[in-house]
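Participant: Sharing a model prediction with you, sequence too.
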Amino acid sequence: MLKDIFLQIILIFIVSSAVAQTETEVVPPYNIKTASFVQSNENVVPIFKLGDGFQFQFDDLFGNEANYYFEIVHCDYDWKPTDIPKTDYMTGFDGQRIIQYENSVNTLQIYSHYILPIPNQFMQLRLSGNYILKILDESREVVLSRRFIIYEDVVTIPMRVRRARTANLLDFKHNIEFTIKSLLINFQTPIKNVKIALFQNGQINSAIKNIVPQYTIGNDLIYKYDTETQFWAGNEFLYFDNSNIRSAGNNISRINSTNGIYNSNLYTHNARGNLPYSVTPDVNGNFVVRNLGAVRNEIEADYAWVYFSLSAPAYMKNKGIYITGMFNNYSLSPEYKMDFNTETKLYEKAILIKQGFTNFQYQVADDKGNIDGESNIDGNYWQTENDYTILVYYRENTDRYTRVIGKASANSNVVTD
């Protein structure tokens, strides 16, 4: 009896340890805003070619020039830390203080703006793979963390976006077909050693994964599934533009600064799920920090409370409605969950956002973070223009870690039946 109890305790400990090892992103506290990966002065999905430079930037609304440090952890396909030494995947050392920062200029909301270049004078990355970037405070506690991916360019991935192959979903989903080819790698047991991750509009945390090749032709791996590689097509992103924060810009009904900082009140949006599809140009969830009167947007752009309101009388689900986009890393934290106003019969939320051009969407999810694409507030339309990205992971039988050996992207502006 005691032996059985002891074995159960050991088993629970092992399982708990394995679960605890998975690196999930830490949502930043209220004072940390506009955390983003930047390359060539643009906010980007954090997928970078090995050897290329990029930056991680964020603002601290306390504006007190606090000391922050960084740590980088190499992970496997399932985002668990690898057991290879840090010296294998990094030249130099992390754990250093972020030394590049400036305070805001001519803004009602003060903040300190931090920039972490990668590589930098302290370190550079040597291997492809999944990585977690951790930002630490002076007590070496994690303030926020973000996933990013480094890839090699050793395979080609012809891909195309099609309408769903199942008749009942023909008008609502996109299906991705692709082939993995390489002249440099002779794939060993590809069903076991080759893995893929498939993203829609850069949403890394909701990727389609663990799809094996449907069949092979020589060294080519073919993926032509009917259902396994389908995405709900969604609708075009909504947007607002308060680049001129003192006047009502696109989709903004009125502005004021009665509470000490600027307020941008958006027009009420009506749920588009039961309406015909209409073309609305967007940047697929991205955002641009911009102050029309500024020279340096990163420290001269101000913050504003942006007031969202949504009319969705037909929505009866017991799930939350969240406002998401790259501006908040598609976060499903309570800070971005809409509240239902029983007086106005509207879903409402106020979010503090750095001024500029911002794409956003209304996303339905449960309390565990499971996104319900089928119940999309704005509907699903096969005509929707989305970006799709494939990453190919490979680990040979004798390798100590999983490489990311290729990347490909396609857009659904050309959809085949």
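Facilitator: Great, that's in hand. Numbering: from 1, shown residues only.
Participant: Flag the shaky bits of this protein, pLDDT-wise.
Facilitator: By pLDDT under 70, the weakly predicted segments of the chain are 1-20.
Participant: Can you show me the helices along it?
Facilitator: 2-21, 86-89, 190-193, 297-300 (DSSP state H).
Participant: contacting residues for the residue lying closest to residue 90 once chain neighbours are set aside?
Facilitator: Spatially, and ignoring its direct neighbours in sequence, residue 90 is nearest to residue 123 (5.3 Å; C-beta to C-beta, 6 or more residues apart in numbering). In this view, the C-beta of every residue, glycine as well, is placed from N, C-alpha and C. Contacts for residue 123 (C-beta atoms under 8 Å, 6 or more residues apart in numbering) come out as 72, 90, 91, 92, 93, 94, 96.
Participant: One more pass at 10 Å, please.
Facilitator: The contact partners of residue 123, by C-beta atoms under 10 Å, 6 or more residues apart in numbering, come to 70, 72, 86, 90, 91, 92, 93, 94, 95, 96.
Participant: of these, closest to residue 353?
Facilitator: Nearest to residue 353 out of the contacts of residue 123 is residue 70 (C-beta to C-beta; 24.6 Å).
Participant: number of nearby residues for that closest one?
Facilitator: 20 (other C-beta atoms under 10 Å).
Participant: And for residue 379?
Facilitator: Residues near residue 379, counting by other C-beta under 10 Å, number 19.
Participant: how near is it to residue 291?
Facilitator: Using C-beta to C-beta, to the nearest Å, residue 379 is found at 34 Å from residue 291.
Participant: cool, residue 266 as well?
Facilitator: Relative to residue 291, residue 266 is positioned 19 Å away (C-beta to C-beta).
Participant: Could you list which of the contacts of residue 123 belong to strands?
Facilitator: Counting by DSSP state E, the contacts of residue 123 place 70, 72, 90, 91, 92 in strands.
Participant: What is the burial count for the third one?
Facilitator: Residues lying near residue 90 (other C-beta under 10 Å) number 20.
Participant: Which residue ranges make up the domains of the chain?
Facilitator: As given by automatic domain parsing, the domain ranges for the chain are 21-151, 159-233+384-411, 242-274+282-370.
Participant: Quick one: those domains as a markdown table, columns for distance to residue 417 too.
Facilitator: Below are the domains of the chain laid out as a markdown table (distance: least, C-beta to C-beta, whole Å):
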| stretch | distance to residue 417 |
| --- | --- |
| domain 21-151 | 28 |
| domain 159-233+384-411 | 5 |
| domain 242-274+282-370 | 23 |
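Participant: circling back: show me which of the ones in strands among the contacts of residue 123 is closest to residue 253.
Facilitator: Using C-beta to C-beta, residue 70 comes nearest to residue 253 of the ones in strands among the contacts of residue 123, at 40.6 Å.
Participant: Find the pair from the ones in strands among the contacts of residue 123 with maximum spatial separation.
Facilitator: Using C-beta to C-beta, the ones in strands among the contacts of residue 123 span at most 15.2 Å, a distance reached by 70 and 91.
Participant: Now do the contacts for residue 176.
Facilitator: Residue 176 touches 159-162, 196, 198, 200, 208, 211, 223-225, 228-231, 388-390, 410, 412, counting by C-beta under 10 Å, 6+ apart.
Participant: For it, list each beta-bridge partner.
Facilitator: Note on residue 176: beta-bridge partners by DSSP bridges are residue 161.
Participant: before we move on, back to that, which one among the contacts of residue 123 gets closest to residue 350?
Facilitator: Nearest to residue 350 among the contacts of residue 123 is residue 70, at 31.1 Å by C-beta to C-beta.
Participant: is it true that that closest one touches residue 122?
Facilitator: Yes. Using C-beta atoms under 10 Å, residue 70 makes contact with residue 122 at a distance of 8.8 Å.
Participant: intersection of neighbour lists for the two?
Facilitator: Each of 94, 95, 96, 97 lies in contact with both residue 70 and residue 122 under the rule C-beta under 10 Å, 6+ apart.
Participant: Columns neighbour count and distance to residue 23 on top of the residues you listed, output as JSON lines?
Facilitator: JSON lines is the format used below for these (neighbours: other C-beta atoms under 10 Å; distance: C-beta to C-beta, whole Å):
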{"residue": "94", "neighbour count": "18", "distance to residue 23": "15"}
{"residue": "95", "neighbour count": "14", "distance to residue 23": "17"}
{"residue": "96", "neighbour count": "15", "distance to residue 23": "20"}
{"residue": "97", "neighbour count": "12", "distance to residue 23": "22"}
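Participant: Reformat those as CSV; add distance to residue 166.
Facilitator: Listed next are those as CSV, based on distance: C-beta to C-beta, whole Å:
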residue, distance to residue 166
94, 47
95, 50
96, 52
97, 53
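Participant: can you give me the strands in the stretch 51-200 of the chain?
Facilitator: Here the stretch 51-200 of the chain has its strands, by DSSP state E, counting those that start in this stretch, at 54-60, 69-75, 90-92, 100-103, 112-118, 123-125, 129-136, 142-151, 159-163, 173-180, 194-200.
Participant: and residue 43, which of these is closest to it?
Facilitator: Closest approach to residue 43 among the strands of the stretch 51-200 of the chain (C-beta to C-beta): strand 54-60, 8.7 Å.
Participant: What pairs with that closest one, parallel or antiparallel?
Facilitator: strand 32-39 (antiparallel), strand 112-118 (antiparallel).
Participant: okay if I get the ones you listed as TSV plus mean neighbour count?
Facilitator: Shown next, in TSV, are the strands paired with strand 54-60 (neighbours: other C-beta atoms under 10 Å):
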stretch	mean neighbour count
strand 32-39	20
strand 112-118	20
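Participant: give the contact list for the spatially closest residue to residue 206 that is not a sequence neighbour.
Facilitator: Excluding the flanking residues, the one nearest residue 206 by C-beta to C-beta, 6+ apart is residue 371, at 5.8 Å. By C-beta under 10 Å, 6+ apart, residue 371 lies in contact with 203, 205, 206, 232, 319, 322, 324, 330, 332, 363, 364, 365.
Participant: Who does the fourth one form a beta bridge with?
Facilitator: Taking DSSP bridges, one obtains residue 173 as the residues bridged to residue 232.
Participant: isn't it right next to residue 378, touching?
Facilitator: No. Using C-beta under 10 Å, residue 232 makes no contact with residue 378, being 11.1 Å away.
Participant: circling back to that earlier point, adding distance to residue 31, write the ones in strands among the contacts of residue 123 out as a markdown table.
Facilitator: Below are the ones in strands among the contacts of residue 123 laid out as a markdown table (distance: C-beta to C-beta, whole Å):
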| residue | distance to residue 31 |
| --- | --- |
| 70 | 18 |
| 72 | 23 |
| 90 | 29 |
| 91 | 33 |
| 92 | 29 |
